[in-house]
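Asks: One predicted model, sequence on top.
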Amino acid sequence: MSDVRVFGIRHHGPGSARSLSAALDGFAPDAVLIEGPPEADSILAAVGHPEIEPPVALLVYHPDEPREAAFYPFAEFSPEWVALRYAHSRSLPVRMIDLPVGARTESDDETEPEPSDPLGELAEAAGYEDHERWWDALVERRRDPADLFAAIGVLMTEAREGRATPPDEEAREAHMRLQIRAAVQEGYAKIAVVCGAWHVPALRRKVPASQDQATLKGRPKSRHVATWVPWTYDRLGYASGYRAGVVSPAYYEHLWRSDPDEVASRWLLRTAHLLRAEDLDASPASVIEAVRLADALSAMRGHATPGLDELREAAWSVLCGANDVPMRIIERNLVVGERLGRVPEDTPQVPLQADLAAWQRRLRLKAEALERTLELDLRGDTDLDRSRLLHRLRLLGVPWGRLAHVHGKSGTFHEHWRLAWQPEFSVTLIEVSRWGGTVEAAASAFVVHLAQNTGSLPSLSQYAKDTLLAGLSEATGPVMRQLEDAAAVATDVGELLDALPALGQVMRYGDVRRTDARAVGVVFETVFARACVGLPAGCASLDDEAAAAMAKRIDAVQSVVTLLEDPDHRDLWQRALGQVADMTSAHGQVVGRATRHLLDAEQMTTEEIGRRLGLLVSPGTPAIGMAQWLDGFLGSSGQILLHDDRLWPLIDAWVAGLPAETFDDLLPLLRRTFANFPKPERRQIGELAARGTSRRETVAADYDEARAARVLPLVRTILGLPVEAL
């Protein structure tokens, strides 16, 4: 007769894991069955590999539909991981006995959860706020594992009494009972079953095999495969949406690794080290005081040892000085954590994953959960290859890196990335592996596919840019042919303008990235010329929304013209802007925006601006037209009002002279215009309005020539001039 013992655990509970380890040592089973996907049985031996490092997850997916994937995460303190390691270290047979992923149905996913919370009710009856804190005090901080699993069985039996079992749960438990029965029939004498505590009563219940088989009848059979992938503590956390997640993975790791008598002191000591690494004060005396406070709080609440709540309060009060900012650092590092696991290199992978791993080793780009900044100098071969790899992955929908703008560091040969690896990228890589066995081949095939399935000129321009940035020489020809065909028939001015920024950047950065951008240059010239010719007509008869969009397009093309520094482009563009600025039928915002760019390019004088502004504020001209023109002219900066003494009085007088009812109507638009200015500019404009004088008049009125003369000798000395020099 087989001795079957069911150990009910909490997923990712260090106390459950510690108690399970002791229970397995005492029971000494000859077979171990674990709640988990049977598809993973063939790769469970990897738990004994020296290179595997939790947190890791079993990824189960169908080769033809990898998007429909399931993850089963494990940390080193997960009881299931402890059971796997126990079985491997003793060469015991170990199996996953949950319902196969391929046997799940859509109705399983749609099953509504129980509206009640039986464990929450038990926790409330015991005086706890929620079942997490109750279970933590009852199990995770328990020092004596004796009789724990028997007590859990009794508790769960009472909790499930009278409650209906959802169909998906009933199917899972039926399958697990059948697997236990199969192990008994194979002759194992002592069988250890490790499952979630909630399932214990169901797995101990005597149910005829025919009944369980009937429950599972008609379930689909699908060929799913499994592999190991790295996981992160962030994704193990409950806040990530993982239903079996825990609130504090990093703290649970500490709880698992530490002697029960030293949990509080060692955690608070680590807290002090972390704060000092951030240049924050944390003395040994404060650590001692924090430990005493945690012990006192624990005793007051009737706990044998301090838990995370007590440690948090002690750290916040003593080490953080009741300041939430350092406490957030502690939460991120020592409560949730930023650990990323590791799997062996010989783990089953699709060819695309293997190619990426090879590139990561070659380029010394380690996948890490913690976000870090990577600065690249594209003049070097290694950094250029790193850039190409990151751009290729972005094309494939794997945004491992995000391009960032860093103030003070710019240039065509610089790139700044923020890297953070997410476990979900493994699924995406499997999904896009149908496009090719290497990152380069897959990205090339995918971008060509995208280009061939869109007629949008702006989209094709972006694909051309992506192809250049990613260094996809095989995709350049097909993408450019699609771009040329679209450019030849495009007539919409908005589309032509939207295509120019990406094309211009390709032309600007082509030489730096060692790619031939001449084909893009031909398309750019065609699109640019047609956009300039069509700009005036495209600016006519626009409503407010269309005018705002056109103003943004004008800004974007202006940036491209400035970037390329080509006199022919500049002249053609400025002629087009001049035509728009002279239009009386165009929306005021577009006319104002064109006028501002001409002023900035010194193609229009402030006197001319003043003349045009005077016409706009003349009697008979609708006030809304002036407000729209002003919105377009000023854009997001009011510097011109502060430094041009002719414009300010005109605009000030216009606003002051508006009839009350007209002012009320225009106020939202005017407020929006000025609200876009930086705060210092708004303050200075307010001061001008309060004084009623221009900045130059104010400076002239306050100027003291005698005081100014006294600093001239010092200025001459600083400049290295003779003191008597003028």
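Replies: Done, it's in. Keep in mind it's a predicted model, so treat the numbers as computed, not measured. Residues are numbered from 1 along each chain as shown.

Asks: Can you tell me the SS state at Ala467?
Replies: Actually, residue 467 is Thr rather than Ala. Following DSSP: H, G, I helix; E, B strand; the rest coil, the label given to Thr467 is helix.

Asks: Do I have it right that it meets Gly477?
Replies: No - under the contact definition of CB atoms under 8 Å, Thr467 does not touch Gly477, with a separation of 9.7 Å. Using the backbone N, CA and C atoms, a C-beta is placed for each residue, glycine as well.

Asks: Pick out whichever of these two has more residues nearby.
Replies: Neighbour count, other CB atoms under 10 Å: between Thr467 and Gly477, Thr467 has more, with 30 against 12.

Asks: residues in contact with the more buried one?
Replies: Applying CB atoms under 8 Å, 6 or more residues apart in numbering, one finds that Thr467 lies in contact with 447, 475-476, 479.

Asks: Would you point out the most distant pair within the residues you listed?
Replies: Spatial extent of these (CB to CB) is set by the pair Val447 and Thr476 at 9.7 Å.

Asks: hey, which strand is longest across this protein?
Replies: Ordering each strand of the chain by length in residues (DSSP state E) puts strand 65-74 first.

Asks: Quick one: list the elements packing against the following helix or strand past that strand.
Replies: The first helix or strand that comes after strand 65-74 along the chain, using DSSP states H and E, is helix 79-89. Secondary structure elements in contact with helix 79-89, counted by 3 or more CB pairs under 8 Å, 6 or more residues apart in numbering; DSSP states H and E, are strand 3-9, helix 14-27, strand 31-34, strand 65-74, strand 94-96, strand 190-196.

Asks: what do you get if the cut-off is 7 Å, keeping everything else the same?
Replies: Using 3 or more CB pairs under 7 Å, 6 or more residues apart in numbering; DSSP states H and E as the contact criterion, the secondary-structure elements in contact with helix 79-89 are helix 14-27, strand 31-34, strand 190-196.

Asks: out of the ones you listed, deepest packed?
Replies: Between the helices and strands packed on helix 79-89, strand 31-34 has the highest mean count of neighbours, a mean of 24, where neighbours are mean count of other CB atoms under 10 Å.

Asks: That one pairs with which strands?
Replies: Sheet neighbours of strand 31-34, with direction, are listed as strand 94-96 (parallel), strand 190-196 (parallel) (DSSP bridges).

Asks: quick one: the first one to chain centroid distance?
Replies: Going back to what we said before, that points to strand 94-96. Distance of strand 94-96 from the chain centroid (CA atoms, centre = their mean, to the nearest Å) equals 35 Å.

Asks: which residues touch that strand?
Replies: Counting by CB atoms under 7 Å, 6 or more residues apart in numbering, strand 94-96 makes contact with 32-34, 36-38, 40-41, 44, 84, 87, 179, all of which sit outside it.

Asks: picking that back up, please say which of Val447 and Thr476 ends up with more neighbours.
Replies: Relative neighbour count places Val447 above the other of Val447 and Thr476, with 25 against 21, counting by other CB under 10 Å.

Asks: Am I right that that one is in contact with Gly471?
Replies: No - Val447 is beyond contact range of Gly471, at 11.7 Å (criterion: CB atoms under 7 Å).

Asks: domains of the protein?
Replies: Residue ranges of the domains in the chain are recorded as 3-240, 258-336, 351-435, according to automatic domain parsing.

Asks: for the last one, what is the average pLDDT?
Replies: When pLDDT is averaged along domain 351-435, the result is 87.

Asks: Residue numbering should commence at 207 henceforth.
Replies: Noted, 207 is the first residue going forward, which turns the last one into domain 557-641.

Asks: Start and end of it, how far apart?
Replies: Using CA to CA, to the nearest Å, the end-to-end distance of domain 557-641 comes out at 11 Å.

Asks: Could you check how far that domain is from the centre of its chain?
Replies: Counting by CA atoms, centre = their mean, domain 557-641 comes out at 14 Å from the chain centroid.

Asks: now swap in the longest one and tell me
Replies: On the basis of CA atoms, centre = their mean, domain 209-446 sits 31 Å off its chain's mean C-alpha point.

Asks: With stretch 482-496 instead?
Replies: Average the C-alpha atoms of stretch 482-496, do the same for its chain, and the two points are 32 Å apart (CA atoms, centre = their mean).

Asks: Buried residues, it. List them.
Replies: 486, 488, 492-493, 495-496 (16 or more other CB atoms under 10 Å).

Asks: Ok, stretch 754-761 next?
Replies: Of the residues in stretch 754-761, those with enough neighbours to count as buried (16+ other CB under 10 Å) are 754, 756-757, 759-760.

Asks: same deal with stretch 576-589?
Replies: Within stretch 576-589, the residues scored as buried using 16+ other CB under 10 Å are 580, 582, 584, 589.

Asks: would you list those in CSV and tack on secondary structure and distance to Glu808?
Replies: As requested, those are exported to CSV (DSSP: H, G, I helix; E, B strand; the rest coil; distance: CB to CB, whole Å):
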residue, secondary structure, distance to Glu808
Leu580, strand, 40
Leu582, strand, 36
Leu584, coil, 33
Asp589, helix, 38
